[in-house]
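Colleague: mind folding the following:
(one chain, ligands or ions: 1)
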Amino acid sequence: MHVNGMTIRRFASPASAASALARHVARCLASNPNLVLGLPTGRTPVPFYAELAALHQSGHVDFSRATTFNLDEFAGVAPEHSGSYRAFMERHLFSHVNLSSKRIHFLSGVAPDASAECRRYERAIARSGGLDLMLLGLGANGHIGFNEPGQSLVAFTHKTKLTLATRQANAALFHRRVGDVPREALSMGMRTILRARRIILLATGSTKAPAVHRLVRGPITPKVPASFLQLHPAIEVWVDEAAGARLSASGD
Ligand code: GLP
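Modeller: Okay, here's the model as predicted:
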């Protein structure tokens, strides 16, 4: 169905959404082996990464010429730290597929000059030719990447403060100790995300239903950063039944 110019795809379960998304990405890579992918972290994409890894192991997807850029990283956390998003990606995807390490791009949470690091990332995205397909998760509070709800949003990759809700949502990476979750992070900005040629946002589970509704039905407001995705000309929102529960079948 289509709402506010967005294509909504509904799936019976998180597992069926994950496997459809993995097959979709495999098809994109088959038609464009040099695909430049934007990648999210979080619990939502874990089954999707597992499916992608399985497709690779059965010879159905080749990443050898693909490029990836992850959305965000915690400030002050080294890539080797088990709580880093870099380590998360290594566990769930990178160590299972044939991506070339020189084409895996990540923000460094421990760069001495965060502004310079953010500018470096923007340049690297531009040099790669820009993001072909940005995959996104969705925070229960409507955040995307680490663009948190607030009075204003930031266009480009930047250092940002994390809300308590987001730190709680990420506590699992830090032995469930919210106090250990960094208070700041580096994230692609709204413009960085919206410049991707295509975007697919994946949201599963009932805790995401209110945010999915606000994202899709708008108003466009910095209080719900994901609502800005309505401005993108080629955005798809993929949900399971639970996350899509507040969107009526008629698209109304
Ligand atoms: C984190 C990430 C987001 C992600 C969100 C949702 O805060 N920075 O990019 O979309 O969590 O996570 P989950 O899928 O675990 O609900």
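
Colleague: what does this structure put close to the ligand?
Modeller: Applying C-beta under 6 Å from any ligand atom, we find that the chain lies next to the ligand at 40-44, 71-72, 137-139, 145-146, 166, 169-170. In short, each C-beta sits where N, CA and C put it, glycine included.

Colleague: quick one: which of the residues you listed sit in helices?
Modeller: The members of the residues of the chain next to the ligand that map onto helices under DSSP state H are 166, 169.

Colleague: residue 241: which of the residues of the chain next to the ligand is nearest?
Modeller: Closest approach between those and residue 241, by C-beta to C-beta: residue 44, at 14.8 Å.

Colleague: run a quick neighbour tally on the residue lying closest to that closest one once chain neighbours are set aside.
Modeller: The shortest distance from residue 44 to any residue other than its chain neighbours is 4.6 Å, reached at residue 137 (C-beta to C-beta, 6 or more residues apart in numbering). Neighbour count for residue 137, taken as other C-beta atoms under 10 Å: 22.

Colleague: which residues are in contact with residue 137?
Modeller: 40-42, 44-45, 144, 201-203 (C-beta atoms under 8 Å, 6 or more residues apart in numbering).

Colleague: do I have it right that residue 169 meets residue 146?
Modeller: No - taking C-beta atoms under 8 Å as the definition, residue 169 is not a contact partner of residue 146, at 11.2 Å.

Colleague: ok, those two, which is more surrounded?
Modeller: Remark: of residue 169 and residue 146, residue 146 carries more neighbours, 27 against 20, as counted by other C-beta under 10 Å.

Colleague: quick check, pLDDT for the residue lying closest to the more buried one once chain neighbours are set aside.
Modeller: Sequence neighbours aside, residue 187 is the residue nearest to residue 146 in space, at 3.5 Å (criterion: C-beta to C-beta, 6+ apart). Here the pLDDT value assigned to residue 187 is 98.

Colleague: beta partners of residue 187?
Modeller: With DSSP bridges as the criterion, residue 187 is bridged to residue 72, residue 158.

Colleague: thank you, goodbye.
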